[in-house]
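Undergrad: Turn this into a structure:
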Amino acid sequence: MSKSTKSVHFIAIGGAVMHNLALALHQKGYEVSGSDDEIYEPAKSRLEKAGILPKEYGWFPEKISADLDAIILGMHARKDNPELLRATELGLKVYSFPEYVFEQSQNKQRVVIAGSHGKTSITSIILHVLAFHKRNFDYLVGAQIEGFDLMVKLTNDAPVIIIEGDEYLSSAIEMRSKFLFYHPHIVLISGIAWDHFNVFPTFDLYVKAFEELADGIDKAGSLVFDETDDIVKVIGEKDRPDVNKMPYKAHPYTVKNGKVFLQIANGELPIEIFGEHNMKNLKGAQLILERLGITEEMFYEAIQNFKGASKRLETLGLNSNTHIFRDFAHAPSKVGATTHATKELYPTRKLVACYELHTFSSLNKEFLPHYDQKLNAADLAVVFFSPHTLEMKKMPALSVEDVKGFFGREDLQVFTDAEELKTFLKSQNWFHSNLLMMSSGTFGGMDFQSFADEILALPVEEVFPEIEITKDKKWTGILGSIKGKFKK
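TA: Coordinates of the predicted model:
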C-alpha cells in the first residue's frame with residue numbers, strides 16, 4: 001500500500017494534540033478514522049470540516065482491523081478500552097502519539113523543547129522565527145499559535161521538526177514521559193519545578209524524567225539549559241560524551257512605561273512579550289535557532305512582531321486605566337513568574353491577580369504548600385476553586401482557611417462561587433489598576449473576553465494615594481519628592 005493511501009485510526013481522537021495530529025495526517029493524504037466518547041470544540045468543528053468526525057460517540061471494536069497501518073492511542077483512553085482490547089487481540093501495533101510522531105520524523109533533525117514552564121512559549125518563538133524567514137520545518141506545539149492553522153505539521157520533505165516535549169505520560173499502556181520517545185538531537189530544558197503530582201508522586205521521580213531525556217541525546221547533539229535554575233544546571237553540566245552544553249539566562253532588557261526593550265549591540269529593540277521568564281525563553285529559543293542556521297541579525301529582525309502563544313500572558317483588553325491579562329499558568333512556578341512579570345510591566349499600578357485551583361496537583365493538600373508566597377507580587381491576591389471540581393476528581397474538600405494558609409497571605413481573597421467572584425471583581429475601582437486571570441480552566445465557566453469587556457466598561461473613580469506625615473512634618477508617599485513642610 002502506498003503512502004498516499006495509508007490508513008490510521010485514532011482511539012480518543014478528540015484530544016487537543018490527537019485531533020491536530022489526525023488533521024495533519026489527513027492533510028498528508030492518509031485515510032484517517034477515529035473514536036471518542038466525547039469531543040468538544042474546537043476539535044469537533046475542525047474534525048467535521050475535514051470530514052473525519054466520528055458519526056457517533058463511543059467505542060467500536062469493529063473499526064479495528066488488520067488492514068490499518070497504524071493505531072494511535074490517546075491518553076484519555078483507558079487500558080480496558082474496547083478498541084484497544086480488539087487491537088491487542090489481533091496483535092496489531094499500537095502507538096502513543098509521541099511514538100507515532102517519531103515514526104514520522106526518523107529522517108529529520110529532531111529538536112525537543114522541555115521544561116516545567118516556558119516550553120510552549122519557547123517552541124512558539126522558534127516556529128515564529130523560522131516561519132518569518134520562510135524555512136521548511138515540521139512541528140508539534142501544545143497551543144494554537146498565530147499564523148499556524150494546526151498544532152501539528154508532518155511532511156515528507158521538511159529537514160527538521162520542532163517538538164514541544166511534554167513530561168506527562170504517553171498513554172495507558174506506555175507509562176513513560178512523552179518526550180522520551182522523540183529521540184532528539186537537540187534538547188532545551190527551560191526549568192524544573194514539581195508538576196503532575198498525580199503521576200510523579202515525588203520530586204525525585206519528576207526530575208529523573210528530565211535526566212533521562214538529557215541522557216538520551218544523540219552523540220554530537222546539544223543540550224541547551226537555563227543555568228539560573230539550580231536543578232536544571234546540575235542536569236545540564238553533567239558530562240555527556242560528544243554532547244554540546246549550551247547554558248543560557250535572561251536576555252538583557254529594560255522596561256519603560258509598560259513597554260519592553262531588548263538590549264542589543266546597537267541599541268534597544270522593542271518587543272511585545274514581557275517578564276524575566278520570557279526573556280529567558282527568548283534567549284533559549286535564540287540558541288536553538290542559532291543551531292538551525294538563524295543568525296543574530298535574522299533573529300532580532302523576526303522577534304519584534306512576536307505576540308506570544310495563545311493564553312500565555314495574552315491581552316484580553318486595555319484602556320488608559322486598566323490592562324487585563326489572561327495566562328494559562330497552572331503550576332506554582334508559573335504563577336509566581338507570571339504575577340511578577342505583570343507587576344514589573346506596570347510597577348506603579350495596582351495589580352489584582354486571580355488564580356484558579358483547577359488541576360489535580362493544585363487541589364491536593366500535599367502539593368498546595370508549593371504555592372507559598374507565589375502571589376506576593378500582587379497588590380490584591382484572589383484564589384478561586386470549585387467544590388464541584390473536587391467532587392468530580394474525587395478529592396477531599398478544601399476550606400478557605402486552608403487555602404489562605406497554603407498561599408501565605410492572610411489578606412488573600414478566596415472564592416468558591418464563580419458569580420460571587422465576578423461580583424467582587426466588578427465592585428473594585430479599576431483606576432490605575434490591572435487584572436491578571438490565571439488558570440488552565442475557566443473560573444467556573446467564565447467567558448474571559450466578555451468579562452474583560454465588562455470590567456473595562458466600568459466607571460472609575462480617580463484616586464490619589466494617601467499622604468503620610470513623618471514626625472518632622474515632611475511629606476512622604478507619592479508626593480515625597482516635593483519635600484515641603486507644613487506651616488501652622
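Undergrad: Next one: the spatially most central residue of the chain from residue 331, what distance?
TA: Taking C-alpha atoms, centre = their mean as the criterion, residue 120 is the residue nearest the geometric centre of the chain, at 5.1 Å. Relative to residue 331, residue 120 is positioned 13 Å away (criterion: C-beta to C-beta, to the nearest Å). For glycine as for every other residue, the C-beta is placed from the backbone atoms N, C-alpha and C.
Undergrad: Also residue 270?
TA: 30 Å.
Undergrad: Against which helices or strands is the biggest strand by length in the chain packed?
TA: Criterion DSSP state E: the longest strand present in the chain is strand 350-357. Applying 3 or more C-beta pairs under 8 Å, 6 or more residues apart in numbering; DSSP states H and E, one finds that strand 350-357 contacts helix 332-345, strand 380-385, helix 418-426, strand 433-438.
Undergrad: hmm, 6 Å instead?
TA: helix 332-345, strand 380-385, strand 433-438 (3 or more C-beta pairs under 6 Å, 6 or more residues apart in numbering; DSSP states H and E).
Undergrad: What mean pLDDT does the longest one get?
TA: Confidence over helix 332-345 (mean pLDDT, whole number) is 90.
Undergrad: quick check, distance from stretch 11-22 to the centre of its chain.
TA: 18 Å (C-alpha atoms, centre = their mean, to the nearest Å).
Undergrad: what's next to that stretch, contact-wise?
TA: Outside stretch 11-22, the residues that touch it by C-beta atoms under 6 Å, 6 or more residues apart in numbering are 10, 32, 34, 36, 39, 43, 47, 73-74, 76-77, 83-84, 97, 150-152.
Undergrad: try stretch 154-163
TA: Counting by C-beta under 6 Å, 6+ apart, 24, 104-105, 108-112, 126, 136-140, 182 sit against stretch 154-163.
Undergrad: so of the contacts of stretch 11-22, which ones are in strands?
TA: 10, 32, 34, 73, 152.
Undergrad: What about these, which one has the most neighbours?
TA: residue 10 (29 neighbours; other C-beta atoms under 10 Å).
Undergrad: Any figure for the gap between that residue and residue 84?
TA: 12 Å.
Undergrad: Quick check: what element follows the longest helix that the chain contains along the chain?
TA: As assigned by DSSP state H, the longest helix anywhere in the chain is helix 276-291. Following helix 276-291 in sequence order, the next helix or strand is helix 296-303 (DSSP states H and E).
Undergrad: Count the residues that sit near residue 336.
TA: Residue 336: 22 neighbours (other C-beta under 10 Å).
Undergrad: let me redo that: residue 63
TA: Around residue 63 there are 18 residues (other C-beta under 10 Å).
Undergrad: what's near enough to touch it?
TA: Neighbours of residue 63 in contact, by C-beta under 6 Å, 6+ apart: none.
Undergrad: before we move on, the earlier item: contacts for the longest strand of the chain?
TA: Looking at strand 350-357 with C-beta under 6 Å, 6+ apart, the contacting residues turn out to be 335, 339, 342-343, 363, 375, 378-385, 433-439, 441, 443.
Undergrad: Write the PyMOL selection for whichever of those are buried.
TA: The PyMOL selection below is limited to those of the contacts of strand 350-357 classed as buried (16 or more other C-beta atoms under 10 Å):
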select buried, resi 335+339+342+343+363+375+378+380+381+382+383+384+385+433+434+435+436+437+438+439+441+443
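Undergrad: more crowded one of residue 270 and residue 331?
TA: residue 331 (23 against 10).
Undergrad: Is it correct that the more buried one is in contact with residue 195?
TA: Yes. Applying C-beta atoms under 6 Å as the test, residue 331 and residue 195 come out as touching, 4.7 Å apart.
Undergrad: just for the stretch 151-300 of the chain, where's the confidence low?
TA: 197 (pLDDT under 70).
Undergrad: Please enumerate the strands of it.
TA: For the stretch 151-300 of the chain, the strands defined by DSSP state E, counting those that start in this stretch cover 152-153, 160-164, 169-171, 174-177, 186-189, 222-226, 244-248, 253-256, 259-264, 267-271.
Undergrad: Just send these back as CSV, with distance to residue 428 too.
TA: Converted to CSV, the strands of the stretch 151-300 of the chain look like this (distance: least, C-beta to C-beta, whole Å):
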stretch, distance to residue 428
strand 152-153, 41
strand 160-164, 36
strand 169-171, 41
strand 174-177, 42
strand 186-189, 39
strand 222-226, 36
strand 244-248, 39
strand 253-256, 25
strand 259-264, 25
strand 267-271, 30
